[in-house]
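**Student:** What shape does this take:
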Amino acid sequence: MTGPINPTLPTHDQAAWDTTLNTALTTIVNRVNTHADQHLTGGGDAIAPSDIGAVATQTTAASTSAVVLAVKQAADLLARVGLLADGTIQTGDAPLTISNVTGTTTVTVTTSASHGYGTGDVVTIANVGGITGVNGVKTITKVAPTQFTLQSTTGSGSYTSGGTVQRNFGGTGSTNEGVWNLLLPDASHDGLVVRGRESSTKNLILARDYAGAPVFGVGQVGGATMYSGQPSDAIGTAPTVTTRASVITAGGGIRGAAGDPAGGVDVLALGNSSTPPTGNPDGSHQAEGSFTTAEGSVIWVRNGRPRARSSVGHEDELLAPVTRRTASVAAPGGDTTLILDGVSPPTVATVNITPTSDDQAEGPLVRYTTTAASSVDAGLISPFGVIQPRWAPYVYARIRTDPSAITSTRLAVGLVSADIAGNAGPATTGSYSTAQGAWLRYDTGVDGTAVWRTVTSSGTTATVTTTTSAIVLDSAYELLIEINSAVSQVRFWVNGTLAATHTTNLPSSSAALGYTARLRTLASSARALRLGRLTWSAL
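**Tutor:** Predicted coordinates:
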């Protein structure tokens with residue numbers, strides 16, 4: 001059986017079916033021709049029933065640019081919906097009102113609403129009054145959301161009124177087009193909605209390359225897939241694939257896996273790095289994206305063991321630190337005898353001191369309370385020489401201030417080459433020879449406001465910065481000090497916020513430093529320092 005009807009019907013129904021179908025097609029064509037221009041640029045021949053019949057019988061159109069269907073609405077300059085014989089599908093936008101046209105050498109068109117056009121788009125302009133050379137099909141250059149200029153166009157005269165513009169699609173359309181072009185009619189709707197079916201294991205959307213290999217897909221229950229060029233690698237996998245959940249780079253890159261490697265589920269796998277990082281992610285590397293304005297960290301694998309490097313060059317293994325030493329002095333909880341880990345015992349002040357356990361929500365503390373006398377020291381100081389600046393030290397201290405007052409107090413926490421209980425630095429940057437080092441300080445004898453000061457000293461001059469981090473009574477503080485591997489920068493944090501960065505008057509690279517957390521009374525009043533933990537790491 002031949003003809004436009006498929007599937008085949010019983011012979012006695014065939015003629016009646018053909019007659020009914022042809023009548024319906026004729027009605028559709030007549031209605032389309034009433035409202036549509038056949039070419040998407042605004043003119044052309046009417047559709048004949050035979051045109052649609054040609055498609056129905058799957059014959060080849062005479063030209064791939066032939067218009068099978070084009071529809072326009074009232075006031076449109078161009079067809080807003082089009083289907084071409086080459087399979088191109090177009091849905092366009094409505095015409096916009098032109099509010100002004102200026103210039104003659106360079107013609108600038110202003111629309112009454114945001115046009116959404118891009119440079120290279122082709123538009124049709126009509127009914128502009130007062131200035132000639134503007135109406136017709138034009139290629140535009142976007143200038144602003146409501147303005148564009150006309151390429152290869154000059155005008156004559158002055159704009160008076162009127163005008164509409166509509167973006168073209170199809171054979172004379174813009175260079176920004178694809179095969180299927182969808183332009184949203186407004187800002188209140190989603191562009192493309194594809195709803196799946198329950199229990200389906202197929203992708204909602206799947207794009208394949210010229211060879212049929214998947215390139216991008218969206219699964220039934222969320223998640224997107226971007227497949228890499230490696231057969232076994234994908235940035236995301238299809239719903240029915242469980243060997244890999246994600247792969248960012250092929251050939252030993254980074255994989256977030258489900259079911260692999262080593263039988264794990266929801267694990268992150270790092271391949272051995274063939275080119276380990278040679279610099280620090282300090283914000284100066286143009287190839288590192290967001291790191292160009294903010295520091296970061298790098299993690300890689302060497303000989304099967306993960307390593308990490310900070311923005312200042314601190315580097316070690318992650319599983320078991322072997323490059324850097326780590327040591328700590330910590331309150332035990334419920335006792336006053338400090339726990340020492342990897343460090344020689346520090347000197348803990350005992351004269352005129354009453355130690356008590358004073359555990360708080362932030363962790364265990366040992367409280368060292370002085371008698372009501374001046375120049376009484378509380379806290380600890382280590383032997384000097386356990387740390388040198390060239391060993392890239394990183395120091396963390398957790399303390400809590402006196403529960404009743406912080407007046408008449410000198411408090412210092414950090415790295416020093418000598419005891420600084422008697423002089424923790426000048427009020428402002430200036431001469432200072434008591435010690436080298438880097439520390440945080442609050443000294444009511446020289447500091448006018450109750451905020452932390454940061455101090456670095458070369459042994460002859462000290463740099464002092466007044467931070468914005470307040471110090472108040474009965475409050476917990478986490479203090480961090482970091483010296484970079486080049487000994488060219490010292491940074492200070494208070495409760496996780498960067499408080500200051502020093503690059504001048506730093507300790508010498510081989511200065512013999514120790515750690516300290518000390519309080520000295522400056523009047524005949526009892527004061528307390530509460531110590532939770534002091535931890536440091538260094539080469």
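
**Student:** right, and the helix or strand after the one helix or strand in the chain whose mean pLDDT sits lowest?
**Tutor:** Taking mean pLDDT, DSSP states H and E as the measure, the helix or strand of the chain with the lowest value is helix 49-56, at a mean of 39. Past helix 49-56, heading to the C-terminal end, the next element that is a helix or strand (DSSP states H and E) is strand 67-71.

**Student:** which other helices and strands contact the helix or strand just after that next one?
**Tutor:** Toward the C-terminus, strand 67-71 is succeeded by strand 81-84 as the next helix or strand (DSSP H and E). Other elements packing on strand 81-84 under the criterion 3 or more CB pairs under 8 Å, 6 or more residues apart in numbering; DSSP states H and E are strand 67-71, strand 89-91. In short, each C-beta sits where N, CA and C put it, glycine included.

**Student:** With mean pLDDT, distance to Leu184 and mean neighbour count added, can I get those in a markdown table?
**Tutor:** What follows is the helices and strands packed on strand 81-84, written out as a markdown table (pLDDT from 0 to 100; distance: least, CB to CB, whole Å; neighbours: other CB atoms under 10 Å):
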| stretch | mean pLDDT | distance to Leu184 | mean neighbour count |
| --- | --- | --- | --- |
| strand 67-71 | 73 | 17 | 21 |
| strand 89-91 | 72 | 9 | 18 |
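
**Student:** Could you pull up the residues touching Ser488?
**Tutor:** If you count contacts by CB atoms under 8 Å, 6 or more residues apart in numbering, Ser488 has them with 503, 506.

**Student:** repeat that for 7 Å
**Tutor:** Thr503 (CB atoms under 7 Å, 6 or more residues apart in numbering).

**Student:** For it, which three-state class applies?
**Tutor:** Reducing the assignment to helix, strand or coil with DSSP: H, G, I helix; E, B strand; the rest coil, the entry for Ser488 is coil.

**Student:** thinking Ile98 is in contact with Ser161, fair?
**Tutor:** No. Here Ile98 lies out of contact with Ser161, judged by CB atoms under 7 Å, at a distance of 9.3 Å.

**Student:** quick one, which of the two is more surrounded?
**Tutor:** Between Ile98 and Ser161, counted using other CB atoms under 10 Å, the more crowded position is Ile98 (23 against 11).

**Student:** Which strands or helices does the one helix or strand the more buried one maps to pack on?
**Tutor:** Take DSSP H and E as the rule and Ile98 turns out to sit in strand 96-102. For strand 96-102, the contact count by 3 or more CB pairs under 7 Å, 6 or more residues apart in numbering; DSSP states H and E identifies strand 108-111, strand 156-161, strand 164-167 as packing neighbours.

**Student:** that older thread, in TSV, list the helices and strands packed on strand 81-84 along with distance to Glu362.
**Tutor:** What follows is the helices and strands packed on strand 81-84, written out as TSV (distance: least, CB to CB, whole Å):
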stretch	distance to Glu362
strand 67-71	70
strand 89-91	61
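
**Student:** So which of those is nearest Val329?
**Tutor:** Shortest separation from Val329 across these is recorded for strand 89-91, at 70.8 Å, computed as CB to CB.

**Student:** Report the distance from that closest one to the chain centre.
**Tutor:** In terms of CA atoms, centre = their mean, to the nearest Å, the centre of strand 89-91 is found 35 Å from the chain centre.
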